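# missing the sequence, but the structure's below:
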């Protein structure tokens, strides 16, 4: 029964469109298997030379016959297995993205041979022919072929075949950043082949999805700063494409520029002055282009920055000459695609003098395992856990059933107060009050309800910070934290530097009854 309820509370938020396309694609696949359906290109389309201003170079992932993704290196020796799953599906996806074509240095002969090898093995490729990898690979092939002025009928035919597959399998069953990536890629394909059908679909997807997915304050609606950077990078690449290749002039370029400007503004607001982003939700380092790279790219494309006030993203940033604090007082979002969300309502990150002190643990894996569950849990964030339960019911690798909602939010100068209902079924509400002073931050947690069994507030310190406990005080490298209780435990935790790369840090667990007063004094 518990599993059925979990499934119900997961599925109830889905859009009818998602449910329809899930069923449709499953049924269609079974029918096509019986009829031995195959995609075919009747005639190799004409390819048009595209011009690009220099984009952002991606990290080196291919060298001397070896591939490195997510900090895992593998040498296939004589034969590349494009279906290789030893390191998990995300590694396989990265292998199939072909990002390495656009790294700063790659031998052209090797690059072409890699493309040829992929084409040769296409009939037997599995995950690499899913719509998401096709989308990213399409952009990478088109960038590379255009920049190197390569006109190869075999490659062009294989590329067009993949766009046929993509058009027939658009990710309406997932939506969110997946469908947006489909749209970005279709735009590249449309320009490369001057294909009106691809363009019409790209135009429809991008105009609809950008209006929905870019919030009023400029944030990408999945509320991951890392994915925000990725989506912004893609928007800037599309601007680069449309500006430098005058095939269409119908308002899409204006929309792309408008959304890029807003997204830049939000990113500037949320980025710490040392260049780091807060690692809220599914975020980690060295996956997306960094903020300064995106700003430089935008400047080359003559995109202005629209600085808006942080609002419907649910993030707030308070800063002065001594500290920067980013807090989360928003809901899990969006309801119908919360796969990158964590159970982290009212969590925060604190930087002092430009250096990280209290941090989010970040993510190290997308595999459905204990580590993934831990990294999405309430106890892995700087917030309060009641009765050893998560505020929001995260499960699987990318699922959320019942989820915490912020039911009250009050904001005044230097004061933010909010209540969420993540523990309502247990009979409790969590209220957190922040008061931001020049040299001090006060945080007061109040549990509204009667006699909770166990209430714990967590603080995760950056590995460079070694806190010392002295009674009710936590002494830091710079400043101290004063509490109204001595029920304090110090534990080790794994701080995530990047995917598959962690380092030990210190985590503080503070047990209290119904009220915790925390004063962070600098």
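Arrived safely, thanks for sending. Remember, it's a predicted structure, so these values are computed and weren't measured experimentally.
# show me what contacts the closest residue to residue 448 other than its chain neighbours?
Nearest residue to residue 448, sequence neighbours excluded (Cβ to Cβ, 6 or more residues apart in numbering): residue 429, at 4.2 Å. No exception for glycine: its C-beta is placed from N, CA and C like everyone else's. By Cβ atoms under 8 Å, 6 or more residues apart in numbering, the residues touching residue 429 are 407, 419, 420, 421, 423, 447, 448, 449.
# try 7 Å
419, 421, 423, 448, 449 (Cβ atoms under 7 Å, 6 or more residues apart in numbering).
# quick one, helices of this protein?
According to DSSP state H, the chain carries its helices in the segments 2-11, 16-35, 89-97, 108-121, 131-147, 153-168, 176-193, 196-213, 225-244, 252-270, 291-300, 370-376.
# Quick check: pLDDT value at residue 3.
Residue 3 is assigned 86 on the pLDDT scale.
# Number of residues surrounding it?
8 (other Cβ atoms under 10 Å).
# Tell me how far residue 129 lies from residue 414.
54 Å (Cβ to Cβ, to the nearest Å).
# any idea which residue sits dead centre in this protein?
By Cα atoms, centre = their mean, the chain has its centre lying nearest to residue 227, at 3.0 Å.
# ok, that one touching residue 178?
No. Counting by Cβ atoms under 7 Å, residue 178 is not a contact partner of residue 227; they are 10.9 Å apart.
# what's stretch 395-405 in contact with?
Applying Cβ under 7 Å, 6+ apart, the contact partners of stretch 395-405 are 6, 9-10, 331-332, 338-339, 341, 345, 366-368, 372, 391-394, 420-422.
# filter these to the buried ones?
Among the contacts of stretch 395-405, the ones that count as buried by 16 or more other Cβ atoms under 10 Å are 6, 10, 331-332, 338-339, 341, 345, 366, 372, 391-394, 420-422.
# Give the closest residue to residue 6 in space, chain neighbours not counted.
residue 401 (4.6 Å).
# do residue 322 as well
Closest to residue 322 by Cβ to Cβ, 6+ apart is residue 522, at 5.3 Å.
# list the contacts for that neighbour?
322, 323, 352, 439, 440, 478, 479.
# Residue 372 now?
Counting by Cβ under 7 Å, 6+ apart, residue 372 has contacts 365, 366, 397.
# Can you get me a residue count around the closest residue to residue 309 other than its chain neighbours?
Leaving aside its sequence neighbours, residue 309 sits nearest to residue 217 (Cβ to Cβ, 6+ apart; 6.5 Å). Residue 217 has 20 neighbouring residues, counting by other Cβ under 10 Å.
# Wait, residue 217 touches residue 308, no?
Yes. At 4.8 Å, residue 217 counts as touching residue 308 under the criterion of Cβ under 7 Å.
# Now for the two: what residues contact both?
With Cβ under 7 Å, 6+ apart as the test, residue 217 and residue 308 both reach residue 266.
# quick revisit: any idea how far the residue nearest to residue 448 lies from residue 415?
For residue 429, the distance to residue 415 equals 19 Å [Cβ to Cβ].
# cool, residue 436 as well?
Per Cβ to Cβ, residue 436 is found 7 Å from residue 415.
# related to what we said a few turns ago, just the buried members of the contacts of residue 522?
Buried by 16+ other Cβ under 10 Å: 322, 323, 352, 479, out of the contacts of residue 522.
# Nearest to residue 206, out of these: which one, please.
The closest of the buried ones among the contacts of residue 522 to residue 206 turns out to be residue 323 (Cβ to Cβ; 39.1 Å).
# Roughly how far does the closest one sit from residue 442?
For residue 323, the distance to residue 442 (Cβ to Cβ) stands at 13 Å.
# Tell me where the model's unsure across the stretch 1-150 of the chain.
1 (pLDDT under 70).
# before we move on, what about the chain?
Ranges of the chain meeting pLDDT under 70: 1.
# Could you chop it up by domain?
Using automatic domain parsing, the domain ranges for the chain come out as 34-300, 315-521.
# Mind putting those domains into JSON lines with distance to residue 21?
Output for these, formatted as JSON lines (distance: least, Cβ to Cβ, whole Å):
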{"stretch": "domain 34-300", "distance to residue 21": "4"}
{"stretch": "domain 315-521", "distance to residue 21": "12"}
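# Quick one: closest of those domains to residue 15.
Nearest to residue 15 among these is domain 315-521; the distance by Cβ to Cβ comes to 5.0 Å.
# now residue 510: how far from residue 494?
Taken as Cβ to Cβ, the span from residue 510 to residue 494 is 20 Å.
# okay, those two: which has more neighbours?
Taking other Cβ under 10 Å, residue 510 and residue 494 do not tie; residue 510 has more neighbours (22 against 19).
# for that one, what are its contacts?
456, 457, 483, 485, 487, 488, 516.
# where does residue 459 sit relative to residue 110, distance-wise?
Per Cβ to Cβ, residue 459 is found 48 Å from residue 110.
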